[in-house]
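Visitor: predicted model, plus sequence, below.
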Amino acid sequence: MYSFMGGGLFCAGVGNILLIVSTATDYWMQYRHSSNYMHHGLWRYCTPTKCITHTDSIAYWDATRAFMILSLMFCFIGIIIGIMAFIHSSYFDRFDKTFAAGILFFISCFFVLLAMAIYTGVTVNYYGKRYGNWRFSWSYIVGWVAVVLTFFSGIFYMCAYRMHECPRSSGTR
């Protein structure tokens, strides 16, 4: 049980760091415009000489930002509850902290998956038709890695919950 929770905490910790990096950095997409490479993230777009904050309220950017921030919050709360379950904290004894952490990691995974799907769909449809030389960049890829890590955090915690709820019997069959 502890190995599953340890694996879940490791995946969640790394996943949360990757969510922060992905959300905060400006390399979601790179494209060539007027023979210069430019890149943008969720908060700013950058030319070769300077970075400019997005001032337009474009729905898919707002939705992607909101879902990434929600994912960060749920993952962080899941980590706190996961640590409490790992050390057998006596706070909140009314609910199973292992199960709650697993659910929170799955919710975090759902929100980051939703954010990545929205961004991917709109970007491919918009930039794919307007620019010939564009590509997703490393911040975007880090976001997809965070999807996988938060999903496995939920899996690990659900396995730990299952082992805790259904311990193996020591007797014979």
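Guide: Everything's here; your move.
Visitor: can you give me the helices for the chain?
Guide: Counting by DSSP state H, the segments of the chain that form helices are 2-24, 59-86, 97-130, 138-165.
Visitor: low pLDDT regions in this structure?
Guide: Applying pLDDT under 70 to the chain flags the ranges 1-2, 89-94, 131, 165-173.
Visitor: tell me the span between the first and last residue of stretch 41-59.
Guide: 14 Å (CA to CA, to the nearest Å).
Visitor: could you do stretch 51-65 as well?
Guide: 18 Å.
Visitor: next: stretch 43-61.
Guide: OK, stretch 43-61 end separation, CA to CA: 8 Å.
Visitor: pull out the buried positions in it.
Guide: Y45, C46, W61 (16 or more other CB atoms under 10 Å). Every C-beta, even on glycine, is put in place using the N, C-alpha and C of the backbone.
Visitor: same check, this time on stretch 113-122
Guide: For stretch 113-122, by 16+ other CB under 10 Å, it's L113, L114, A115, M116, I118, Y119, V122.
Visitor: got TSV for those residues, with distance to S35 too?
Guide: Formatted as TSV, the buried residues of stretch 113-122 follow (distance: CB to CB, whole Å):
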residue	distance to S35
L113	36
L114	36
A115	32
M116	30
I118	30
Y119	26
V122	26
